[in-house]
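Student: Requesting a structural model of the entry that follows:
(one chain, ligands or ions: 1)
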Amino acid sequence: MKLPHTFTKQAIIRRSVRIDDNAGSADFPYNNTGRPLMKLLRWALCFLLALTLLVAIALQFAPDIEPWPIAPEVPPAKPGEVSLTFLGTSTLLITDGKTHLLTDGYFSRVSIPRLFTPISPNRERIDEALALAGIDALDAIPVLHSHFDHVMDSGIVAQITGAQVLGSSSTAMVARGSGLEEKRITTVQTHHPYRFGDFTLYFVPAGHVPLPGIIENWTGKGEITEPVTPPSLLGAWEEGQSYGLVVEHPAGTILIQGSAGMQPGELDRYQADYALLASASLGKQSEAYQQAFMDETASAVGAHTVIPVHWDDFFRKLEPDVRPLPWMLDNLDASFHALADRHHGDFVVLKPFRPFTLTPPAAPATAPLPQGQSPVSPAPAAPPPGASDDANN
Ligand SMILES: [Zn+2]
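Tutor: Reported below is the predicted structural model:
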């Protein structure tokens, strides 16, 4: 049977083509509204993809650490000497062979893309780093502030090694959230001596290096008031109180500043032979800031040697040949010059997992001091009433 022309296949196709042709015309205003929006979204997506690709490429390029004076490998420390091992960021193993301290203890080193998702400690990386550093037991983990790249693993590392965690009330909340028992958590008081073997630790009020506003808001500058139970978004690990840490020992005294920030006058009462200073973002600060930072840290304690810390790319796994932060995030040379050029003494870089032995302070040339006094002893403020001298009690 022959169909009328109106119903033939060709006629139907022709009609539908005509309808499509008209879709963008003024006859079809309702079909048209979504199109510019879709176009815009497509452009935005392309732009975001291109930007992500460019950032990913830019993050592959990092400065070279080799032109800087790197401490050579040394024979193992003798009994009574203090050795220092840099383990990335401001994580440092400090030991005299009997007592073992580890600042911060951050080994998870979350990658940049994962920072946009909930994060947790990486047990495999923690175990690997502890094994490579030869750490099986620790006495104390003093935490310098509570951003994720300092405190996130400290409770887990304490559980593995039997250590006491010491730090701000924010740090205590992180340790609680990791399941560490209460008696192994010490909320510290500033300028108060905490003794572990022959080491005495003083937590000194400090500041944090200024960061761009958007990063400061993202990483958090406030206090942590609830236990942090990972996985959590990065902002859960707020800064809390930042400290400089003075670690006193008869074989040498060190100052560790976990971020390039300071509080004027706080370190004036201390003496230290070595100043381990965070360098990240220091090169981006003004000349006046850089000078004030050195005046209030290395110069305030009279350190003969400055050792930079927190210069490594902590978004990658810790390796013995760890690379510096990518150019995009920090200019290593500018940050190191800010320290080295303002210091009238030695400037030495430590490679991860390579112990460095402190040179014991020279014996005083003058008459011996009265009993009970030491030339390296700071004169801390009187301890607050009721404070314990021993954090293990
Ligand atoms: Zn920080």
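
Student: As a check, name the ranges of all helices in the stretch 1-150 of the chain.
Tutor: For the stretch 1-150 of the chain, helices defined by DSSP state H, counting those that start in this stretch occupy the ranges 9-22, 29-32, 34-58, 123-132, 148-151.

Student: For the ones you listed, which has the smallest mean pLDDT value?
Tutor: In terms of average pLDDT, helix 9-22 trails the rest of these, at a mean of 47.

Student: Now do the contacts for Phe347.
Tutor: Under the criterion of CB atoms under 8 Å, 6 or more residues apart in numbering, the neighbours of Phe347 are 68-69, 305-308, 336, 339-340. To be clear about C-beta, it is placed using only N, CA and C from the backbone, and glycine gets the same treatment.

Student: my bad, Ile141
Tutor: Contact criterion CB under 8 Å, 6+ apart gives 101-105, 154, 157-158, 161, 163-166 as the residues in contact with Ile141.

Student: Per-residue pLDDT of Phe61, please?
Tutor: The per-residue pLDDT reported for Phe61 equals 83.

Student: and it, how many neighbours?
Tutor: Here the neighbour count serves as a burial measure; for Phe61 (other CB atoms under 10 Å) it reads 10.

Student: same deal with Gly179?
Tutor: Residues contacting Gly179 under the criterion other CB under 10 Å number 11.

Student: For Thr117, see how far away the residue positioned nearest the centre of the chain is.
Tutor: The structure's the chain has its C-alpha centroid closest to Asp149; by CA atoms, centre = their mean the separation is 3.7 Å. Between Asp149 and Thr117 the distance is 16 Å, computed by CB to CB, to the nearest Å.

Student: Using ChimeraX, define a selection of the buried residues within the contacts of Ile141.
Tutor: Typed into ChimeraX, the line below selects the buried ones among these, using 16 or more other CB atoms under 10 Å:
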select :101,102,103,104,105,154,157,158,161,163,164,165,166
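
Student: Which ones among the contacts of Ile141 map onto strands?
Tutor: Assigned to strands by DSSP state E, the following of these qualify: 101-102, 164-166.

Student: Output the residues you listed in TSV, with pLDDT and distance to Leu130 appended to each entry.
Tutor: What follows is these, written out as TSV (pLDDT from 0 to 100; distance: CB to CB, whole Å):
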residue	pLDDT	distance to Leu130
Leu101	98	14
Leu102	98	9
Gln164	98	17
Val165	98	15
Leu166	98	19
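
Student: What is the nearest of those residues to Leu234?
Tutor: Each of those was checked against Leu234 using CB to CB; the closest is Val165, at 20.3 Å.

Student: Neighbours of the nearest residue to Arg354 once chain neighbours are set aside, how many?
Tutor: Nearest non-adjacent residue to Arg354, counting by CB to CB, 6 or more residues apart in numbering: Glu73, 5.9 Å away. Close neighbours of Glu73, defined as other CB under 10 Å, add up to 9.

Student: From Thr357, how far out is Glu73?
Tutor: In this view, Glu73 and Thr357 are 11 Å apart by CB to CB.

Student: One more: Pro250?
Tutor: 14 Å.

Student: Tell me which of those two has more neighbours.
Tutor: Under the neighbour definition other CB under 10 Å, Pro250 and Thr357 were set side by side, and Thr357 has more, 17 against 14.

Student: No further questions, thank you.
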